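J.: fold the stuff below for me.
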Amino acid sequence: MDSEPRQRASRADRARPDGSAPRWVELVSVEDAGDAREILIGLNVRSINARAATEPGPGLLKRPRHRVYVDPSRLEQARAALPHIWSAILGDRAVDPAGRCGFCGYDTTPVPNASVCPECGTDLLSVEARLRARRGFGRAGGGGTSHPGP
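T.: Just a heads-up that it's a prediction; the model follows:
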């Protein structure tokens, strides 16, 4: 990303010196640059002007955060579109292609369209669960056992 959006992004939420509204307002912050790109595409398909900026994250590891900004006049439309964009990016449920829960590995295929894993209680429809399952969290060898819980 070029430096121009980053400069705008650092002042995005502040009012301008003349008291007018900010030029860009943060919509969402994500860890993956690919997610930020796909969100931008989803917003642009809906004719919502958006920009992205990469900033160093907090803490010792300084993992970068990818922030997506929109014009304040389109913020409500962007917020309404965001769940649909996440669904397109992440799929319908937090299960792997074989139908196993993304957290505990329970086979959910006998329970068609299950919204909650019968084994661990994870809400399989939540964006957080689908995002974590896509990254492999929760499964053996997948980076830990953290999950959002029931």
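J.: quick check, residue 122 in contact with residue 94.
T.: Yes. Shown here, residue 122 and residue 94 form a contact pair, counting by C-beta atoms under 8 Å, at 6.5 Å. Every C-beta, even on glycine, is put in place using the N, C-alpha and C of the backbone.
J.: and stretch 57-73, how far out from the chain middle?
T.: With C-alpha atoms, centre = their mean, to the nearest Å as the basis, stretch 57-73 stands 11 Å off its chain's centre.
J.: name the residues contacting each of residue 122 and residue 94.
T.: Taking C-beta atoms under 8 Å, 6 or more residues apart in numbering as the contact rule, residue 122 and residue 94 both touch 101, 102, 103, 129.
J.: nearest spatial neighbour of the first one, chain-adjacent residues omitted?
T.: Translated: residue 101. Spatial nearest neighbour of residue 101, excluding adjacent residues (C-beta to C-beta, 6 or more residues apart in numbering): residue 117 at 4.3 Å.
J.: tally of neighbours for the one you found?
T.: Residues contacting residue 117 under the criterion other C-beta atoms under 10 Å number 25.
J.: over to residue 111?
T.: Residue 111 has 14 nearby residues by other C-beta under 10 Å.
J.: so it sits right up against residue 101, yeah?
T.: No. Assessed by C-beta under 8 Å, residue 111 is found out of contact with residue 101, at 10.3 Å.
J.: report the contact partners of the residue positioned nearest the centre of the chain.
T.: For the chain, residue 30 is the residue whose C-alpha lies nearest the centre (C-alpha atoms, centre = their mean; 5.3 Å). The contact partners of residue 30, taken as C-beta under 8 Å, 6+ apart, are 36, 39, 65, 66, 67, 68.
J.: now do 6 Å
T.: Residues near residue 30 by C-beta atoms under 6 Å, 6 or more residues apart in numbering: 36, 66.
J.: for it, give me the pLDDT.
T.: Confidence at residue 30, expressed as pLDDT, is 85.
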